[in-house]
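Visitor: no sequence for this one, just the structure:
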DNA sequence: AAATATATATAGGACTCCTATTTATGCAAG
DNA sequence: CTTGCATAAATAGGAGTCCTATATATATTT
């Protein structure tokens, strides 16, 4: 469309759109967090720690938050002051620490979860079911692309999980199979952050992806 | 999927996915901004001001950034110190100020724009063309939903523009029409932030949306 | 003219976020 | 086994985001 006045590719416009929605989500995060006496960064550390009994190292937390290591140290310190996390020494490496949630941290998280749908999720709800599914799959593809390029830490998604077998069934609604729970499930149930996730080795990951993408 | 261990709706998972990608984008923004001696907030104010000769009020900037008004004042002050914006008094309302870019601000923005594709846009590029189009349309729908609920300021999108006529042509590739440039264009050219945007009145907006959604 | 509403600015404080550097380990090679 | 490089986290120092509450100046309404 050279006739249009503005430059820019679809990619660029999609980025713009994502960015607008991200702004709304950041706002919602503030409100969600404030209700627990936290700020969004602190809350997302808590969420990150959820269901990871062994905890995470400072470095891992920094990578997941996409901030520098000293910044992660800062925010973890803020959570320590509030007694929502503690640091255990990592048995294997005495330089490292494992940050784990305290019971108090868990209760704060439990109180918050489940409440508050928020405008952004509401906007997703305005899409037709088929569109939601397509959107979810597109996001999975994008995140997977980022993972392969080390632009994002490995996420706990089905497509990188050793328990996942795509298109194991001929059922159009529930074609996939999760060996962990030994059950069939559909595109719209693809996990972005599954507690039971276990990263498959690169060979299996590649094979799984191949199957998944072909559909 | 009650058989799966984790709770959560598609909405929730989509939100998670959006949030992961937002983290990557935030990181890229840091790098883009740093290259200009700015930080992401300052850069996005500059981008917001781009192509708005009259400038924007502090309040409008705060709304667009999704932050409180004093925070906007803070960041604008930081930009003033760097002489990238100035405040003009608004002729109509002497309480208000119009923040406008200085030539120096414009040159910084010009230097930056066009460079740097970034991992997030790259990930969008990994999607098939049809998927990109669907993704863009889904984002437009979501943003429009947020606008209607005042959860986001009016964006300069085609679908809220008085120059936009959806499905004016029978051409499957370029069904839409922009009266500003008097040209046909397609779904993948839908603008998220068009300089020429002029907000249609609510009645026209509703009618336009109706046409657009029916497809 | 008084009361109310609106647009910014100010004050005060917690915290994010960075880079550069230090400290304590870990690991590898001579 | 010790010298030396790599890595995990902490510290130091500093700019700036971001909030709430409040003050100030102007609009607007009654």
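Guide: Great, that's in hand. On a predicted model such as this, the values are computed, not experimentally measured, just so you know.
Visitor: and for the closest residue in space to residue A:101 that isn't next to it in sequence, the neighbour number?
Guide: What sits nearest to residue A:101 in space, not counting adjacent residues and going by Cβ to Cβ, 6 or more residues apart in numbering or on different chains, is residue A:49, at 4.8 Å. Every residue, glycine included, has its C-beta placed from N, CA and C. Neighbour count for residue A:49, taken as other Cβ atoms under 10 Å in any protein chain shown: 22.
Visitor: for residue A:49, what are its contacts?
Guide: Neighbour list for residue A:49: A:55-56, A:85, A:99-101, A:105 [criterion: Cβ atoms under 8 Å, 6 or more residues apart in numbering or on different chains].
Visitor: domain ranges for chain A, per the record?
Guide: A:10-112, A:129-214 (automatic domain parsing).
Visitor: the first one and DNA strand C, any residue contact?
Guide: Yes. Shown here: domain A:10-112 in contact with DNA strand C (Cβ under 7 Å from any atom of the strand) through A:39, A:41-42, A:65, A:67-68, A:70-71, A:74-75, A:78, A:81-82, A:93-95.
Visitor: show me the strands in chain A, by range?
Guide: With DSSP state E, the ranges of strands along chain A come out as A:85-89, A:97-101, A:164-165, A:176-178, A:183-185.
Visitor: is the second one in proximity to DNA strand D?
Guide: Spelled out, it's strand A:97-101. Yes. Counting by Cβ under 7 Å from any atom of the strand, contacts between strand A:97-101 and DNA strand D involve residue A:97.
Visitor: residues making contact with that strand?
Guide: Under Cβ under 8 Å, 6+ apart, the answer for strand A:97-101 is A:45-46, A:49-50, A:53-58, A:61, A:76, A:84-90, A:109.
Visitor: just the third one next, same as before
Guide: Contact partners of strand A:164-165, identified using Cβ under 8 Å, 6+ apart, comprise A:158, A:176-179, A:200, A:208, A:211.
Visitor: which of these sits closest to DNA strand C?
Guide: residue A:200 (24.5 Å; Cβ to the nearest atom of the strand).
Visitor: so what's that closest one up against?
Guide: A:160-162, A:164, A:208.
Visitor: buried ones in stretch A:108-128?
Guide: A:108-109, A:112, A:118-121, A:123-124, A:126-127 (16 or more other Cβ atoms under 10 Å in any protein chain shown).
Visitor: equivalent analysis for stretch A:149-156, please.
Guide: Quick answer for stretch A:149-156 (16+ other Cβ under 10 Å): A:151-153, A:155-156.
Visitor: got it, and stretch A:203-214?
Guide: Buried residues in stretch A:203-214 (16+ other Cβ under 10 Å): A:205, A:208-209, A:212.
Visitor: for stretch A:166-178, same thing?
Guide: Neighbour count says stretch A:166-178 has A:166, A:174-178 buried, by 16+ other Cβ under 10 Å.
Visitor: that one and chain B, any residue contact?
Guide: Yes. Stretch A:166-178 is in contact with chain B by Cβ under 8 Å from any Cβ of the partner chain, via residue A:178.
Visitor: what sits up against that stretch?
Guide: Stretch A:166-178 has contacts (Cβ under 8 Å, 6+ apart) with A:158-159, A:163-165, A:183-187, A:189-190, A:208, A:211-212, A:214-215, B:4.
Visitor: those, buried ones only, as a ChimeraX selection?
Guide: To isolate the buried members of the contacts of stretch A:166-178 in ChimeraX, using 16+ other Cβ under 10 Å:
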select /A:158,159,163,164,165,183,184,185,186,187,189,190,208,212 /B:4
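Visitor: of the contacts of stretch A:166-178, list those near DNA strand D.
Guide: Counting by Cβ under 7 Å from any atom of the strand, no member of these reaches DNA strand D.
Visitor: circling back: could the buried residues of stretch A:203-214 be laid out in JSON lines, adding pLDDT?
Guide: As requested, the buried residues of stretch A:203-214 are arranged in JSON lines below (pLDDT from 0 to 100):
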{"residue": "A:205", "pLDDT": "94"}
{"residue": "A:208", "pLDDT": "96"}
{"residue": "A:209", "pLDDT": "96"}
{"residue": "A:212", "pLDDT": "96"}
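Visitor: can you put the domains of chain A in JSON lines and add distance to residue B:139?
Guide: What follows is the domains of chain A, written out as JSON lines (distance: least, Cβ to Cβ, whole Å):
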{"stretch": "domain A:10-112", "distance to residue B:139": "3"}
{"stretch": "domain A:129-214", "distance to residue B:139": "9"}
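Visitor: quick check, residue A:14 in contact with residue B:135.
Guide: Yes. Counting by Cβ atoms under 8 Å, residue A:14 touches residue B:135, with 5.8 Å between them.
Visitor: give me the common contacts of the two.
Guide: Shared contacts of residue A:14 and residue B:135, defined by Cβ under 8 Å, 6+ apart, are found at residue B:124.
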